[in-house]
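Colleague: just need the structure, nothing else, for what follows:
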Amino acid sequence: MATHEITVGPPAGEPAAGLDAAFADSPLGLYVHVPFCASTCDFCAFYQTTPTRAGVDAYLANVRRELALVSWRRPVDTVFWGGGTPGLLAPEDLRELGETVLAACRGTPAEWTVELAPASVTDARLAVLRELGGTRVSLGVQSFDPGLLDALGRQHTREQVFRAYERVRSAGFASVNLDLMFALPGQDEAAWLADMRQAVELAPDHLSTYCLTFEEDTRLWVKLSGGKVKLDPVLEARLYERTWDELEAAGYAQYEVSNFARPGHVCAHNLNTWRMHEWVGVGPSAAGQHGGWRGANPADLELWGRRLDDGARMGEDRVALSAGLLLEDALVFGLRLNAGVDLDALEARFPESAGALEPRATLGRLAEQGLIEPDSLGGGGGWAPRLTRRGRLLADAVGAELVGLLS
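Modeller: The predicted structure follows:
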């Protein structure tokens, strides 16, 4: 799953002066949202639409137009295609999209991730992605249990997952991720352990394990509102902890609350996002943080095209970046990383706002509550706060405590 839903801060104004230095040595990412899906899964709140030939042609042309509007100050380091289902595009359409992206990147990016649904994986599509320079595939497995897949509205079978994984491996991608979900309706601890162990048996390079969330305007939200499914926070916490223990024992290092990797296989694109570097968002509903602004495109294929007619992009939730906003968000999102946040380095990156950020008292209070590792708070090696195990279970609540610390 792509991670580009950064919480937007204060109202739009003008970008702060002096941010160029903060991004001078920063990696640049490119997120491309491919909105086409054959059907909508019950849990999914990402923008998607049913593909037509005219719609795909318009999309490909508009990606080219949008990329031409971007002011590229340096080459792109990482690319991430999310959706929707990027693999729903025909091989020739994947090639056209890829060649358009490569022209904008000014070279082949070091990491290029494409999200694929198991049912959409074919040798022909994989061949095109490899020829373009794709390095990483993320398979949206969610579960290996037929009943749970049906409950989620997923359109693939257990057997299709195995076939897709074998094809991806045979195609020679440098890194393969499997997306799994837990705390699903009807899923007990034994069922989740079975899913996780089946995933480990396949030996992917990376695993993303997400606790099911009930997003508004999804079918699952309607079921929750109607009492057809219920939340169980105690079970969720237990499954989180079992996940961490099981995957650590299997050789996967947790580097973010929901993400685990073998050495050398962390997702650089997502890491750069959590660390508040720059990325360009292209496509309907795509969010970006680049050129002094944070914002998103409209979640509508036709409206996105009409905005491009006017030479406009990233007009939704548009916010002018400031050193203070970036510093605070880098702390909030950085604490989701197991390595924590080097607060001294962060303040050096944004010196003009370092004096206005006073998190130390709050971090100390969170340490007293058992949410922050006490030895990470200035214990002779500088301030590098990191969450405890309990803190990772409550990462969203910890982040909420840190919002608004700028005086």
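
Colleague: check which helix or strand Val141 maps to.
Modeller: strand 136-142 (DSSP states H and E).

Colleague: what packs against that strand?
Modeller: Where contact means 3 or more CB pairs under 8 Å, 6 or more residues apart in numbering; DSSP states H and E, strand 136-142 is packed against strand 111-116, helix 146-152, helix 158-171, strand 175-182. In this view, the C-beta of every residue, glycine as well, is placed from N, C-alpha and C.

Colleague: next, format those as a markdown table and append distance to Ser376.
Modeller: Below are the helices and strands packed on strand 136-142 laid out as a markdown table (distance: least, CB to CB, whole Å):
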| stretch | distance to Ser376 |
| --- | --- |
| strand 111-116 | 29 |
| helix 146-152 | 38 |
| helix 158-171 | 38 |
| strand 175-182 | 28 |
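
Colleague: helix or strand right after the host helix or strand of Ala21?
Modeller: If you go by DSSP H and E, Ala21 is part of helix 20-23. Heading C-terminal from helix 20-23, the first helix or strand you meet, by DSSP H and E, is strand 28-34.

Colleague: break this protein into its domains for me.
Modeller: 20-273, 323-402 (automatic domain parsing).

Colleague: so which of those is nearest Met314?
Modeller: domain 20-273 (9.4 Å; CB to CB).

Colleague: can you give me how far that closest one is from the chain middle?
Modeller: In terms of CA atoms, centre = their mean, to the nearest Å, the centre of domain 20-273 is set 8 Å apart from its chain centre.

Colleague: point to the helix or strand of the protein where mean pLDDT is at its lowest.
Modeller: Least confident element among the helices and strands of the chain, by mean pLDDT, DSSP states H and E: helix 219-225 (a mean of 47).

Colleague: Tyr240 contacts Cys211, doesn't it?
Modeller: Yes. Using CB atoms under 8 Å, Tyr240 makes contact with Cys211 at a distance of 6.8 Å.

Colleague: these two: which has the busier surroundings?
Modeller: The neighbour comparison of Tyr240 against Cys211 (other CB atoms under 10 Å) goes to Tyr240, with 19 against 15.

Colleague: ok, the closest residue to the more buried one other than its chain neighbours to Thr362 distance?
Modeller: In space, and not counting its chain neighbours, Tyr240 is closest to Leu393: 5.8 Å by CB to CB, 6 or more residues apart in numbering. Counting by CB to CB, to the nearest Å, the separation of Leu393 from Thr362 is 19 Å.

Colleague: same check on Tyr252?
Modeller: For Tyr252, the distance to Thr362 - CB to CB - is 32 Å.

Colleague: okay, those two: which has more neighbours?
Modeller: Legend: neighbour count by other CB under 10 Å for Tyr252 and Thr362, higher for Tyr252 (24 against 16).

Colleague: what pLDDT does that one get?
Modeller: On pLDDT, Tyr252 comes in at 98.

Colleague: contacting residues for the closest residue to it other than its chain neighbours?
Modeller: Excluding the flanking residues, the one nearest Tyr252 by CB to CB, 6+ apart is Phe260, at 3.8 Å. Counting by CB atoms under 8 Å, 6 or more residues apart in numbering, Phe260 touches His206, Leu207, Ser208, Thr209, Leu247, Tyr252, Ala253, Gln254.

Colleague: phi and psi next, for Phe260.
Modeller: When read as degrees, to the nearest 10, the backbone of Phe260 gives phi -140, psi 140.

Colleague: mind listing the residues bridging to it?
Modeller: Beta-bridge partners of Phe260, counted by DSSP bridges, are Leu207, Gln254.

Colleague: how about the domains of the chain in JSON lines, adding distance to Gly291?
Modeller: Converted to JSON lines, these look like this (distance: least, CB to CB, whole Å):
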{"stretch": "domain 20-273", "distance to Gly291": "6"}
{"stretch": "domain 323-402", "distance to Gly291": "13"}
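
Colleague: Gly315: which of the ones you listed is closest?
Modeller: Per CB to CB, nearest to Gly315 of the domains of the chain: domain 20-273, 11.8 Å.

Colleague: now do the same end-to-end measure for the closest one.
Modeller: The straight-line separation of the ends of domain 20-273 (CA to CA, to the nearest Å) is 17 Å.

Colleague: same question for stretch 248-255.
Modeller: 11 Å.

Colleague: in it, what counts as buried?
Modeller: Residues of stretch 248-255 classed as buried by neighbour count (16 or more other CB atoms under 10 Å): Ala250, Tyr252, Gln254, Tyr255.

Colleague: and the strands in this structure?
Modeller: Ranges of strands in the chain, per DSSP state E, are 28-34, 78-83, 111-116, 136-142, 175-182, 206-211, 253-256, 259-261, 278-282, 287-290, 293-296, 316-320.

Colleague: out of these, which comes closest to Asp344?
Modeller: It is, among the strands of the chain and with distance given as CB to CB, strand 253-256, at 21.0 Å.

Colleague: not counting that closest one itself, show me its contacts.
Modeller: By CB under 8 Å, 6+ apart, strand 253-256 touches 244, 247-248, 260-263, 266, 270-271, 274, 336-339.

Colleague: filter the residues you listed down to the buried ones, ChimeraX style.
Modeller: Per 16+ other CB under 10 Å, the buried members of the contacts of strand 253-256 correspond to this ChimeraX selection:
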select :244,247,260,261,262,266,270,271,274,336,337,338
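
Colleague: filter the contacts of strand 253-256 down to the ones in helices?
Modeller: Among the contacts of strand 253-256, the residues falling in helices (DSSP state H) are Trp244, Leu247, Glu248, Asn270, Leu271, Trp274.

Colleague: nearest to Ala90 among these?
Modeller: Asn270 (27.7 Å).

Colleague: the closest one contacts Ser258, doesn't it?
Modeller: No. Between Asn270 and Ser258 there is no contact under CB under 8 Å: 10.1 Å.

Colleague: against Gln254, how distant is Val70?
Modeller: For Val70 relative to Gln254 (CB to CB), the value is 34 Å.

Colleague: kindly report the same for Ala296.
Modeller: 29 Å.
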